[in-house]
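Colleague: output the structure for:
(2 chains)
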Number of protein chains: 2
Amino acid sequence: MPCPALKNDLLLRALRRQPVPRTPVWIMRQAGRYLPEYRELRARAGSFMALCTTPELACEAALQPLRRFPLDAAILFSDILTIPDAMGLGLHFADGEGPQFTKPLRSEADIDRLKAVDTPAQLGYVPATVRLLRQELAGSVPLIGFAGSPWTLATYMVEGGTSRDFRQIKSLLYANPAALHRLLAVLAQSVADYLGAQIHAGAQAIQIFDTWGGVLSHAAFQEFSLRYMREIIAALKADPDTAGAPIILFTKGGGQWLEPLAASGCDAVGLDWATDLGAAQAQVGGQVALQGNMDPAVLRAPPERIRREVAQILGSIQGRSGHVFNLGHGIPPDVPVENVAAFIDAVREASK
Amino acid sequence: MPCPALKNDLLLRALRRQPVPRTPVWIMRQAGRYLPEYRELRARAGSFMALCTTPELACEAALQPLRRFPLDAAILFSDILTIPDAMGLGLHFADGEGPQFTKPLRSEADIDRLKAVDTPAQLGYVPATVRLLRQELAGSVPLIGFAGSPWTLATYMVEGGTSRDFRQIKSLLYANPAALHRLLAVLAQSVADYLGAQIHAGAQAIQIFDTWGGVLSHAAFQEFSLRYMREIIAALKADPDTAGAPIILFTKGGGQWLEPLAASGCDAVGLDWATDLGAAQAQVGGQVALQGNMDPAVLRAPPERIRREVAQILGSIQGRSGHVFNLGHGIPPDVPVENVAAFIDAVREASK
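Modeller: Okay, here's the model as predicted:
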């Protein structure tokens, strides 16, 4: 079935640094717990993983925010940890806790047993969700696919879950870097395959979430995170079937590494709120588009304050092309829905 | 009693960007739980606060690392939260937990009831510890005094303890900035008084710990954290009795704000490991000294790896003047003592 033409291509135009009549906007974790209908769907699914692995339910979750707000993109509903789960680490989400693995990597032998994932065979529910979503979206807005960066996936796989100090993965990095490089290479191959499959299934842009790149030193970031993201980008850009989908790299806390990030081959760099968007534009805006970067905490303030922050961020940059508005991190669960509406509205109005 | 002449003035020379024969080194939280003798002393004191508030015990804690390692500075043993404790918030440390306040600030009325602290009257144990330490050090190495930044103190006072998302303080910041400014003004006055008293008592350099400045947006950092640190520096530099002590500003996660930090009036800027020291030197090394910046996680690796990291950091900068070696954050409790010895030794040897 041929895909219908895209009615709103603002996101793709902005990512390609083409002129746009206003700044496109989407929200990291826009399908999520701040929406009452999401909480209802999540309860109905029984578990977060059931929601992720059932295409009809995941598709419904992704569509929910688009029914409420005039967002300029949909994003696949999934989790970055589907890949380690498919590798056999046993992902689960305890209530009120972050993600946890029942079988985290505890030795070099554990690392050397891992095999790169075969997306169609092991993660078929993800491309299935992408296909269903493209059908349901019917060309209204573009669909973003995503994956975690190899470094970020490795942190969860070695720590067993979320960490405050990254003690185990950093001990591995400094004491046995060769083993970590083997793990990252398998992950890079898996992520490239996984993102390629998402694009084949219909994802029109890609975001790589390097959520924990910012905990590394300047030198270690380049060696253990950026290098593998570059490999993934090179693989996707080398294949004519996947080369057309713009790639956004988002390294949380990576504002000091904009130049190497922009030189990675990606089309856009995601920024958190610590970075001055105008300064970033002056530094790398000639090479890549920029995405971001409002502090999600602003969404707890009154609408008037939200509008002021949006205007300040838009005012810090020159022109409108090459910018996708977003938060600098995922939206928190306790944000009032009406404030999200005010935020989207403010971006649309103030960027005209 | 006149103070004896300083035998090792490397730290002060480096902070003033004067020539040094080798790079001075000290360690944030060098008096701490990684030392068995500290754990013994802490157990003997009964509680962390008893250790802080008893000058003989605090003095002993500060001297312990100097007996083991040829460090180039001592630092006052205390906690940044002594000021809010003196303001009546009731500081305590539950075992294995971070600091907690029994009476956190819960309303604007709570903020407006606060009065700036009078150090001699309310925090006399701190200058008493400084005086005792100067006497015991007998001019061997300089003594660093310290305080938390107003913003960092405010985060604990409003959140009630350590936070992951800074939800309450950021809600205050965005919804009621005037109340937060009143709180920060009282804290800035208190910190200036407190640091002035430490210098009067004998502290020869000062570090301001802006541990949580890095969680703010670019614009909010300048308005809510840097502004008040500038006020404190200006107050200390305006008084001829306190102007001589070099001031180090350490904003964790502040690597993107080096220029405003360097223009604050401070003598040195502390860096965490995300910043490339050579790039920082090129950017602001003409204005201020730099302190840092090894990832403490390296201290869990074998001594050979520690030596390589030290050499890499020293190799990234031009010359030796204007640099104080340190970690990019406090030393963790699980680091082997012999690795700390290897670290100090590596800095001394490789920087000659």
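
Colleague: near chain B, which residues of the stretch 51-200 of chain A?
Modeller: Residues of the stretch 51-200 of chain A lying close to chain B (C-beta under 8 Å from any C-beta of the partner chain) are A:165, A:166, A:167, A:170, A:171, A:173, A:174, A:175. All C-beta atoms are positioned from the backbone trio N, CA, C, and that covers glycine.

Colleague: thought the third one was touching residue B:301?
Modeller: The reference is to residue A:167. No - applying C-beta atoms under 8 Å as the test, residue A:167 and residue B:301 come out as separate, 12.0 Å apart.

Colleague: which one of these two has more residues nearby?
Modeller: Using other C-beta atoms under 10 Å in any protein chain shown as the criterion, residue A:167 and residue B:301 rank with residue B:301 on top: 21 against 15.

Colleague: report pLDDT for that one.
Modeller: Per-residue confidence (pLDDT) for residue B:301: 97.

Colleague: quick check: closest non-adjacent residue to it.
Modeller: Spatial nearest neighbour of residue B:301, chain neighbours left out: residue A:174 (3.6 Å); criterion: C-beta to C-beta, 6 or more residues apart in numbering or on different chains.

Colleague: what about that neighbour, which SS state?
Modeller: Classification of residue A:174 by DSSP: H, G, I helix; E, B strand; the rest coil places it in helix.

Colleague: neighbours of it, how many?
Modeller: Other residues within reach of residue A:174 by the criterion other C-beta under 10 Å amount to 22.

Colleague: and the gap between it and residue A:229?
Modeller: Distance from residue A:174 to residue A:229, counting by C-beta to C-beta, to the nearest Å: 21 Å.

Colleague: so residue A:143 bridges to which residues?
Modeller: When bridges are taken as DSSP bridges, the partners of residue A:143 come out as residue A:74.

Colleague: if we can go back for a sec, so how far is residue B:309 from the residue nearest to residue B:301?
Modeller: Relative to residue B:309, residue A:174 is positioned 8 Å away (C-beta to C-beta).

Colleague: shared neighbours, those two?
Modeller: In the contact map built from C-beta atoms under 8 Å, 6 or more residues apart in numbering or on different chains, the residues linked to both residue A:174 and residue B:309 are B:298, B:301.

Colleague: could you measure from residue A:262 over to chain B?
Modeller: Taken as C-beta to the nearest C-beta, to the nearest Å, the spacing of residue A:262 relative to chain B amounts to 15 Å.

Colleague: all strands for chain A, in order.
Modeller: With DSSP state E as the definition, chain A shows strands at residue ranges A:74-75, A:91-93, A:99-101, A:143-148, A:205-210, A:247-251, A:268-270, A:289-291, A:323-324.

Colleague: what mean pLDDT does the last one have?
Modeller: Within the predicted structure, the mean pLDDT of strand A:323-324 is 98.

Colleague: and the second one, by the same measure?
Modeller: Averaging the model's pLDDT scores along strand A:91-93 yields 92.

Colleague: repeat for the first one
Modeller: Model confidence over strand A:74-75, given as mean pLDDT, is 98.

Colleague: what does that strand contact?
Modeller: Contacts with strand A:74-75, where a contact means C-beta under 8 Å, 6+ apart, come from A:26, A:30-31, A:62-63, A:66, A:133, A:137, A:141-146, A:207.

Colleague: swap in the fourth one?
Modeller: Counting contacts by C-beta under 8 Å, 6+ apart, the residues outside strand A:143-148 that touch it are A:11, A:26, A:73-76, A:78, A:80-81, A:83, A:130, A:133-134, A:137, A:191, A:194-195, A:198-199, A:202-211, A:245, A:248.

Colleague: make it 6 Å
Modeller: Under the contact criterion C-beta atoms under 6 Å, 6 or more residues apart in numbering or on different chains, strand A:143-148 has outside partners A:73-76, A:80, A:133-134, A:191, A:194-195, A:198, A:203-207, A:209.

Colleague: could you do the third one as well?
Modeller: By C-beta under 6 Å, 6+ apart, the surrounding residues in contact with strand A:99-101 are A:81, A:89, A:90, A:92, A:93, A:160, A:161.
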